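In: show me the folded form of this:
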Amino acid sequence: MATLGDIPIPRGSKALHEAVLLGRALINLFPDALERIILADEAWTAQGIPRTRVSVHVVYVEQEKRVGEDYILLDAHGGGKHDHKHDPSLGSVYELNVDLRRHPAAERFTRLHNHLQEQLEQALAIQRAGGRSPEPVTISWWEFVDAAYRTCTRLRPDEARPALVQLSDRLISEIGSVPSYAAEAINGITSRLPQLADDLRRRGNLDVWENSALLVAGYVPKRVAQLSTGEDKVQQLARYMTFSLLEMKVSPWQAVNGVARKALREGEMQALEQAADDMLSDAEQHRDRALDGSLDRNLFSEQLFLGTPKAWTAMQIYELLREMSPGSETVIRQKRHTTAEELAVRMQDGVAYQWVDFDDARIAEEWEKVQEARRARDNFAVQEILLQGELRLFRPRAARKLLLGPSRWPDRRAR
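Out: Sure thing, here's the model as predicted:
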């Protein structure tokens, strides 16, 4: 049976396009989640398990030890979900053992990176000889791939990150050079951080934990200061901002949890909750821009890629609020936590799907299913297929027109 390692590297711009999509998937949230998807899919195919109306008990094994399990439930249209139990309505359950010793996605990304590096060296040699220069967009995408390759270090979140240490030192120096009464200047530094986090992530320089550290430093001190009174606003802003940056030098985990716990200890529960609400709202805006955008996988993927850390960081703060300050608002926080968690997971899956379906094979299957349902006059099935792809953040709403159209997907001339 062919595996991911057997698939040749595409040539030309296709290799660069695939590398960008795969690089985002690997540094988006949890790289091991993508590896599990690939390994489970390979084992699924090898065992000949059906792809519709089936319940599969998946057991993950590493070094001959059982390290996790869940159930994958697929409906009549191939739509699925993960659960902790079997659905009897789907008939008998299949058993699937997945060996996690390999890292096929990371291995392919390494192959893509090395191939593109060789191609760029050749292009630059041609340029030096007086030939054509590489396109600026090609250089920009390559810089992302190279940065993402170096970001895929699999460091633990409680380990210090040199990039965050350098950034923290620079920002602390900026704050120290601002007079204590210059609220506007300090607020400007704080307000810059969410955009800085987006810019660095867009360039492939931040994994999700590093991104979260910057987001907390950008959102939490600002809300704490807004809820303070009088001259205390400037002092609180500078104090929380400095504390956030110092925690950032320890580790990204400390930057997220240390700042949040400090806010709770000092009675800034409302400020912390509003910061989480801000992050969740911004994540939802990224989701909406992706869904309302064009059919370009790169643009769709980028919006989800930028939104994932915001939803995930909000989820962590809601969880901490729920644990450390139980009370009448626990139910509301639980709902917000669930909303943020679901959005983060769907964004992660959506980013991964753009690479998984890089060749349009799966969406071509969806087109077939839509046409079959229309021939059967099953309008419910048609709407179900269309909505599921959007709810799962696999494709934008613009894909509806082509899925409902008469031309077999993909018809690249229609894009």
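
In: wait, a strand at residue 96?
Out: Yes. According to DSSP: H, G, I helix; E, B strand; the rest coil, residue 96 belongs to a strand.

In: show me what contacts residue 278?
Out: 219, 223 (CB atoms under 8 Å, 6 or more residues apart in numbering). C-beta: built from backbone N, CA, C; applies to glycine.

In: ok, now how distant is it from residue 155?
Out: 28 Å (CB to CB, to the nearest Å).

In: and for residue 238?
Out: 30 Å.

In: what's the answer for residue 163, then?
Out: 11 Å.

In: ditto for residue 109
Out: Residue 109 is 17 Å from residue 155, by CB to CB.

In: now do residue 389
Out: 34 Å.

In: who has more neighbours out of these two?
Out: Each of residue 389 and residue 155 has its neighbours counted (other CB atoms under 10 Å); residue 389 has more, 22 against 15.

In: show me what contacts the more buried one?
Out: 363, 366, 395, 399.

In: mind running it again at 7 Å?
Out: 366, 395 (CB atoms under 7 Å, 6 or more residues apart in numbering).

In: remind me which helix or strand it belongs to.
Out: Using DSSP states H and E, the element containing residue 389 is helix 379-391.

In: so where's the stretch 151-300 of the chain uncertain?
Out: Scanning the stretch 151-300 of the chain for pLDDT under 70 picks out 177-183, 230-231.

In: can you pull out the helices in it?
Out: 162-176, 183-202, 208-226, 232-250, 252-265, 269-292, 297-324 (DSSP state H, counting those that start in this stretch).

In: name the helices or strands packed onto the first one?
Out: Identification of packing neighbours for helix 162-176 by 3 or more CB pairs under 7 Å, 6 or more residues apart in numbering; DSSP states H and E yields helix 183-202, helix 208-226, helix 232-250.

In: please identify the deepest-packed of those.
Out: Of the helices and strands packed on helix 162-176, the one with the most neighbours on average (mean count of other CB atoms under 10 Å) is helix 208-226, at a mean of 26.

In: what's the angle between that one and helix 183-202?
Out: Between helix 208-226 and helix 183-202, the angle comes out at 160 degrees (axes from the mean of the first three to the mean of the last three CA atoms, to 10 degrees).

In: ok, residues contacting helix 208-226?
Out: Where contact means CB under 7 Å, 6+ apart, the residues beyond helix 208-226 that reach it are 28-29, 157, 161, 163-164, 190-191, 193-194, 196-197, 201, 233, 236-237, 240-241, 244-245, 248, 252-253, 255-256, 259-260, 263, 268, 271-272, 274-275, 278-279, 308-310, 312-313.

In: how deep is residue 307 tucked in, by neighbour count?
Out: 29.

In: which residue packs closest to it, ignoring adjacent ones?
Out: In this structure, residue 307 finds its nearest non-sequential neighbour in residue 286, 2.9 Å apart by CB to CB, 6 or more residues apart in numbering.

In: for the one you found, give me its contacts.
Out: By CB under 7 Å, 6+ apart, the contact list for residue 286 reads 303, 304, 306, 307.

In: can you pull the pLDDT of the last one?
Out: In this case it means residue 307. Looking at residue 307, its pLDDT reads 97.

In: how about the first one?
Out: Residue 303 carries a pLDDT value of 98.
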